[in-house]
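Visitor: Provided below for reference: sequence and predicted model.
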Amino acid sequence: MIGYLEGTLKQLDATRALVLAGGVGYEIHISLQTYYKLEGQKSVALEIFTHVREDALSLYGFSSGEEKFAFEKLISISGIGPTLAQKILSGIDPPDLAEAVARGDVRKLSSIPGVGKKTADRIVLELRDKFLLPESKREDLPSSARLSVDDDVHSALINLGYKPKDAEGALDVARKQLGNEAELSALLKAALRQLTRS
């Protein structure tokens, strides 16, 4: 399986790149996010996801580890294949996707071409607690996703009738207790415990 590729960019359009490496030209499917980063480059390095089917072997390329991570999470959802996942990542970058998922922003997700309300609902439901990268792959996304989870917990507490300042204080204590990897549900419970004590 190919997981990474460096080479010379021979051709580029909005959905595909042809990369020459070791005398072989690799046709790689890309999102618009990656296209913008490759534009004007001669030498390129891409994270690769190899998609194998009975009748085809396709390469999907990403300019960053966080985009590849988001892609892998998207295709883990029933009904979302590699083509739709790349369309989604053409319409929204990974930190914004993480934020939309954490906030449950179905409207923002369903505004992406090719994503209907049912698909947007499924993305939120299935990825809500999965958008923190492991330590080994950490780039910009985790801090963005963590902030999004914090925002979501904060707004949930306000919706439950707590004052913004009290909610913020309880959230700070909960985050310190549970650490940066805490998921939304655990964080919300810990913050509520703080508020009921005070």
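Guide: Ah, there it is.
Visitor: which stretches of the protein have low pLDDT?
Guide: 131-148, 198 (pLDDT under 70).
Visitor: Gly91 versus the most centrally placed residue in it, what's the distance?
Guide: Closest residue to the average C-alpha location of the chain: Ala70 at 3.4 Å, with Cα atoms, centre = their mean. Ala70 is 12 Å from Gly91, where distance means Cβ to Cβ, to the nearest Å. No exception for glycine: its C-beta is placed from N, CA and C like everyone else's.
Visitor: coming back round to it: so where does the residue nearest to the centre of the chain fall, helix or strand?
Guide: helix 65-75 (DSSP states H and E).
Visitor: identify each buried residue in that helix, please.
Guide: Residues of helix 65-75 classed as buried: Gly65, Glu66, Glu67, Lys68, Phe69, Ala70, Phe71, Lys73, Leu74, Ile75 (neighbour count, 16 or more other Cβ atoms under 10 Å).
Visitor: which single one of those is nearest to Arg193?
Guide: Closest approach to Arg193 among those (Cβ to Cβ): Lys73, at 29.9 Å.
Visitor: show me what the helix holding Ala70 is packed up against.
Guide: Judged by 3 or more Cβ pairs under 8 Å, 6 or more residues apart in numbering; DSSP states H and E, helix 65-75 is in contact with strand 43-52, strand 57-62, helix 82-91, helix 94-103, helix 117-127, helix 141-159.
Visitor: and the second one with helix 65-75, angle?
Guide: It stands for strand 57-62. Strand 57-62 runs at 130 degrees relative to helix 65-75, counting by axes from the mean of the first three to the mean of the last three Cα atoms, to 10 degrees.
Visitor: residues of strand 57-62 that come out buried?
Guide: The neighbour-count check on strand 57-62 (16+ other Cβ under 10 Å) flags Leu59, Tyr60, Gly61, Phe62 as buried.
Visitor: got TSV for those, with distance to Leu187 too?
Guide: As requested, these are exported to TSV (distance: Cβ to Cβ, whole Å):
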residue	distance to Leu187
Leu59	38
Tyr60	33
Gly61	35
Phe62	29
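Visitor: which of those sits closest to Leu9?
Guide: Gly61 (10.7 Å).
Visitor: count of residues packed around the closest residue to Asp150 other than its chain neighbours?
Guide: The shortest distance from Asp150 to any non-neighbouring residue, by Cβ to Cβ, 6 or more residues apart in numbering, is to Leu171 (6.1 Å). Leu171 has 23 neighbours, counted by other Cβ atoms under 10 Å.
Visitor: and the one 3 residues further on, by the same measure?
Guide: The number of residues packed around Ala174, counting by other Cβ under 10 Å, is 22.
Visitor: done for today, thanks.
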